[in-house]
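Novice: Give me a 3D structure for the following:
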Amino acid sequence: MDSNADGLGPYVERITRGASWRTVADVTGIDPSTLTRQFNRGRVPATTIIAIARAFRGDIVDGLVAGGFLTVDEADAMGGRASLRSATDLQLAVEILRRAQQIPLPDLGTSHDAARVVEGYFEQDRSEFADDSAASDGPITLTEEADDLNGRE
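Specialist: Residues are numbered from 1 along each chain as shown. Purely as a prediction, here's the structure:
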């Protein structure tokens, strides 16, 4: 499948920070004449896009979108799957709570952030358990469990 070099140009310009074609060729290990020819003809293969992205630490998926190999919807679907796999159990629980309550939650960069959100959620709803013996055990604390999930002692 051929890509559109016009859409790819801004992506390459951004990740290489305006490096010359010679520099891009040297860093990627692609012959300079091959690289120039691919872009001039508007047929840049996915392997070239991936090589440039890897060499300059750019987002490979963004490059494949810019090159016309993936749609934005396809890229978004892949990002969501990867995010779900890397999320901790506690972060997933917070997201489920957010969806169930349809309330905005802060950025959950760490397990401690997520634990505070979950603790706050349960503290708000403790009145439901007023007659329950679990409610008299003191505040619900998840930070120790969050540390356990992240392998901290």
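Novice: Tell me where this protein has strands.
Specialist: Counting by DSSP state E, no segments of the chain form strands.
Novice: Show me where this structure dips below the pLDDT cut-off.
Specialist: By pLDDT under 70, the weakly predicted segments of the chain are 1-5, 79-82, 102-153.
Novice: so where do the helices sit in it?
Specialist: For the chain, the helices defined by DSSP state H cover 5-16, 21-28, 32-41, 46-55, 60-66, 72-86, 89-101, 111-124, 143-149.
Novice: Most tightly packed of those helices?
Specialist: helix 60-66 (a mean of 21; mean count of other Cβ atoms under 10 Å). Just so you know, the C-beta spots here come from the backbone N, C-alpha and C atoms, and that holds for glycine as well.
Novice: Other residues contacting it?
Specialist: For helix 60-66, the surrounding residues in contact (Cβ atoms under 8 Å, 6 or more residues apart in numbering) are 7-8, 10-12, 15, 46, 49-50, 52-54, 70-72, 75, 78-79.
Novice: again, 6 Å this time
Specialist: Helix 60-66 has contacts (Cβ atoms under 6 Å, 6 or more residues apart in numbering) with 7-8, 11, 49-50, 53, 70, 72, 75.
Novice: Find the pair from these with maximum spatial separation.
Specialist: Largest separation among the contacts of helix 60-66 by Cβ to Cβ: 50 and 72, giving 18.2 Å.
Novice: quick one on the thing from earlier: distance to residue 87 added to the contacts of helix 60-66, as JSON lines?
Specialist: What follows is the contacts of helix 60-66, written out as JSON lines (distance: Cβ to Cβ, whole Å):
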{"residue": "7", "distance to residue 87": "32"}
{"residue": "8", "distance to residue 87": "31"}
{"residue": "11", "distance to residue 87": "28"}
{"residue": "49", "distance to residue 87": "28"}
{"residue": "50", "distance to residue 87": "26"}
{"residue": "53", "distance to residue 87": "24"}
{"residue": "70", "distance to residue 87": "23"}
{"residue": "72", "distance to residue 87": "22"}
{"residue": "75", "distance to residue 87": "19"}
